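# Quick one, fold the following:
(one chain, ligands or ions: 2)
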Amino acid sequence: MPVSSFKTPEKYKYQNGFSSYHESEAVEGALPIGANSPQKAPYGLYNEKLSGTAFTAPRHENLQTWLYRILPAAAHAPFESKEANTYKTNPGDLKLHQIPNQLRWDPFDLDEKVDWIHGLHLVAGAGDPTMKQGIGIFNYAAGKSMDSKEAFYSADGDFLIVPQHGSLDIRTELGYLLVRPNEICVIPRGIRYNVSLPEGPVRGYILELYQGHFALPELGPIGSNCLANARDFQAPVASFDEDHGGSGNYTLISKFNGHLFAAAQNHTPFDVVAWHGTYYPYKYDLGRFNTVGSISYDHPDPSIFTVLTAQSDHAGTAIADFVIFPPRWLVAEDTFRPPWYHRNTMSEFMGLIHGDYDAKTGGGFRPAGASLHNVMSAHGPDSGTHLKASTAELKPMKVGEGSMAFMFESCLMVGVTEWGLKQCQKVQPDYNAESWEPLKVHFKRPETLQNKDKNGTGEQRPDLGKWVGES
Ligand SMILES: O=C(O)Cc1cc(O)ccc1O
Ligand SMILES: [Fe+2]
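Ligands and ions are numbered 1, 2, ... in the order given. Next up is the predicted model:
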């Protein structure tokens, strides 16, 4: 059931559409007409441009938004370094463990003592935001709302936020987003926001994209609909405060090159009265994903479950794909239905929002936990899943009911941080021993088989006869 069919409080109003040109004014007439930066903007507002791509990016990639605000974003005191010895989240600066081991984490802990900014833990990453290259994979866990007079932004990249527990009330410069488990949101680089926690502690995952932006995947022969439909993405509407009277205690906090910097300002950062453009935060309810799959035989690639993709310069190869495994019907005939055993040139970081992941039935992959199968690290169903799936009667079957697993898949080799490998103390030492080492040998030479029983089921394997209409 889609999460957002439930009634939400009044302040959360949205406009629908992915990659749409949106506009919103909290006061009628605040958007200038027929000009972006008139000599005098309506009602004495300042014009301000926010660019998400180079000015000269081709039209189909160009992302920018015009803001009409009470004071420009530049009106603050100089930034000063904050918590420089402890806050380090640039993977390019950190000692990363580049190891071929398959890794799996027990559920990450909740942490009631910290706010959003301090609840971010870099688990793994690749590249460096100073070069605008790569990704950061975070776990977050927080129990305190940010101070209402603080606004945070990341200069490093776009945040794709995947809540696992608790709701995030995100007040952005462009308006409010309420984001709950089974929903996701994207906060693009530079957008200022405050996170409060209306229902207590929160936990989840973040992929920070240091290069480019997320887009909907191409649909190829699927056609013009399916997967995530553009109209189900929701952007906020303009909403502003009027505290610009010099109370002097607002703080702007920047994550810049993985470090924190703070600057004071004497007026609210949430003073955007109207905006229009293509560069904005948005949310999406994963329950609305229109899943497609095999209706004949064989297990297709998981790319059919891509919600959002950030392509590299090489078409079809993603810096990051966000892929989900929603509840769905499996009907494929004469098919080993779980994922095949495989080694992938891409790295695969997986998380679980709720329920069980149908490819791992051994109980070790749990909600709020994670796994990493790095470049060419072999993986696939655990031995129990293999046994069940290779002997199951292949009736139509619903899998993943009440469940939502996801994957951040990247063409980059991701290194694991000290926090991810050691400090968090969640890495499971027995992942291989529990999953694949127990796999049994079933191989039999043909001369030892009776009745040409090649697949060990007691039946003669039909080979391709039934597909070519063998009489
Ligand atoms: O490894 C995994 O569990 C993710 C995955 C799922 C799938 O259906 C096919 C390939 C793949 O990597
Ligand atoms: Fe995989």
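# Which parts of the stretch 101-250 of the chain are strands?
For the stretch 101-250 of the chain, strands defined by DSSP state E, counting those that start in this stretch occupy the ranges 103-105, 120-128, 133-142, 150-154, 158-165, 168-172, 175-179, 183-187, 193-196, 202-209, 233-236, 250-256.
# ok, and for stretch 153-162, which residues are buried?
Neighbour-count burial for stretch 153-162 flags 153-154, 156-162 (criterion: 16 or more other C-beta atoms under 10 Å). Quick note: C-beta positions are derived from backbone N, CA and C, even for glycine.
# tell me the secondary structure for Phe18?
At Phe18 the chain is in coil, as set by DSSP: H, G, I helix; E, B strand; the rest coil.
# What separation do you get for it and His213?
11 Å (C-beta to C-beta, to the nearest Å).
# how about the strands of the stretch 101-250 of the chain in a markdown table, adding mean pLDDT and distance to ligand 1?
A markdown table is the format used below for the strands of the stretch 101-250 of the chain (pLDDT from 0 to 100; distance: least, C-beta to the nearest ligand atom, whole Å):
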| stretch | mean pLDDT | distance to ligand 1 |
| --- | --- | --- |
| strand 103-105 | 98 | 11 |
| strand 120-128 | 98 | 16 |
| strand 133-142 | 98 | 16 |
| strand 150-154 | 98 | 28 |
| strand 158-165 | 98 | 16 |
| strand 168-172 | 98 | 26 |
| strand 175-179 | 98 | 24 |
| strand 183-187 | 98 | 18 |
| strand 193-196 | 98 | 30 |
| strand 202-209 | 98 | 15 |
| strand 233-236 | 98 | 24 |
| strand 250-256 | 98 | 30 |
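# Quick check: phi and psi at the residue in the stretch 351-471 of the chain positioned nearest to ligand 1.
Nearest to ligand 1 in the stretch 351-471 of the chain, going by C-beta to the nearest ligand atom, is Ala359, at a distance of 4.4 Å. Main-chain torsions, Ala359, degrees, to the nearest 10: phi -90, psi -10.
# same deal with Glu28?
The phi/psi pair for Glu28 (degrees, to the nearest 10) reads phi -60, psi 130.
# The residue nearest the centre of the chain: what's it in contact with?
Geometric centre of the chain, nearest residue: Leu160, 4.2 Å, by C-alpha atoms, centre = their mean. Counting by C-beta atoms under 8 Å, 6 or more residues apart in numbering, Leu160 touches 184-186, 206-209, 214, 308, 320, 322.
# what's the most distant pair in these?
Cys185 and Ala320 (15.5 Å; C-beta to C-beta).
# Compare those two and say which is more crowded by neighbours.
A side-by-side neighbour count of Cys185 and Ala320, using other C-beta atoms under 10 Å, places Ala320 first with 31 against 22.
# Pairing partners for the more buried one in the sheet, please.
Ala310 (DSSP bridges).
# Relative to Ser312, how far out is it?
Using C-beta to C-beta, we find Ala320 at a distance of 9 Å from Ser312.
# So which bits of this protein are right by ligand 1?
Residues of the chain lying near ligand 1 by C-beta under 6 Å from any ligand atom: 302, 339, 348, 359, 379, 407.
# just checking, which of those belong to strands?
348, 407 (DSSP state E).
# can you put the residues of the chain next to ligand 1 in TSV and add neighbour count?
Output for the residues of the chain next to ligand 1, formatted as TSV (neighbours: other C-beta atoms under 10 Å):
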residue	neighbour count
Pro302	17
Pro339	19
Glu348	22
Ala359	21
His379	24
Met407	22
